[in-house]
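*Asks:* the following comprises the amino acid sequence and a computationally predicted model.
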Amino acid sequence: MNRDDLPAPIEGLVLTHFLTVSDVPRSRAFYADVLGGTVVLEENPCIIKVANGWIIMNPGGGPTDDKPDVVLRPPDDPHTASSFLNVRVADIHRFYDTAVAKGAEFLTPPIDRRAELRCYMRDPDGYLIEVGQATGLLKGELARTDL
């Protein structure tokens with residue numbers, strides 16, 4: 001295993017995203033295939049390097065000594081979210097078409113929000129993933145607020 005593939009900085013910090021998943025192999029396949037990630041570690045925890053970041057995933061479970069009051073579990077209501085993964089792409093239409101061909105399910109096709117083109121998909125556990133491409137923002141145009 002190459003240290004550069006791990007979220008283990010020599011100095012400073014790196015930002016990763018942890019997901020509690022119900023089926024590690026299924027989620028690992030989704031993030032490797034649909035987002036083009038590289039599997040660094042298959043399980044315990046699963047680590048996938050995606051572009052310049054990492055997704056770390058493990059099954060849920062009860063409290064541990066370092067989080068004594070916390071239970072981890074995948075989302076149970078697909079209509080409520082308190083956070084989501086935000087993926088920025090160079091060509092949203094190409095990404096969308098490729099992801100759909102690989103089985104990704106989007107809530108809508110890409111929509112022009114003035115500052116960006118944006119759409120959302122879900123992973124196998126129902127986690128919300130925003131996919132966006134900066135457009136108007138590059139010219140100083142902010143997002144529409146009328147929707």
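*Replies:* Arrived safely, thanks for sending.

*Asks:* so what's the most centrally placed residue in the chain up against?
*Replies:* The chain has residue 85 as the residue nearest its centroid, 4.0 Å off, counting by C-alpha atoms, centre = their mean. Shown in contact with residue 85 (C-beta atoms under 8 Å, 6 or more residues apart in numbering): 17, 55, 127, 128, 129, 130. C-betas here are computed from N, CA, C, even on glycine.

*Asks:* list buried residues within those.
*Replies:* By neighbour count, with 16 or more other C-beta atoms under 10 Å, the contacts of residue 85 hold 55, 127, 128, 129 as buried.

*Asks:* hmm, the first one is touching residue 21, no?
*Replies:* Think residue 55. No - checked against C-beta atoms under 8 Å, the pair residue 55 and residue 21 is beyond contact range at 9.9 Å.

*Asks:* buried ones in stretch 74-85?
*Replies:* Neighbour count says stretch 74-85 has 74, 75, 85 buried, by 16+ other C-beta under 10 Å.

*Asks:* and the second one, how far from residue 84?
*Replies:* Read that as residue 75. Using C-beta to C-beta, to the nearest Å, residue 75 is found at 10 Å from residue 84.

*Asks:* quick check: neighbours shared by these two?
*Replies:* Common contact partners of residue 75 and residue 84 (C-beta under 8 Å, 6+ apart): residue 127.

*Asks:* quickly list the domain ranges of this protein.
*Replies:* Under the assignment automatic domain parsing, the domains of the chain span 1-61, 75-147.

*Asks:* what's the closest of the ones you listed to residue 67?
*Replies:* Smallest distance to residue 67 across the domains of the chain (C-beta to C-beta): 10.0 Å, for domain 1-61.
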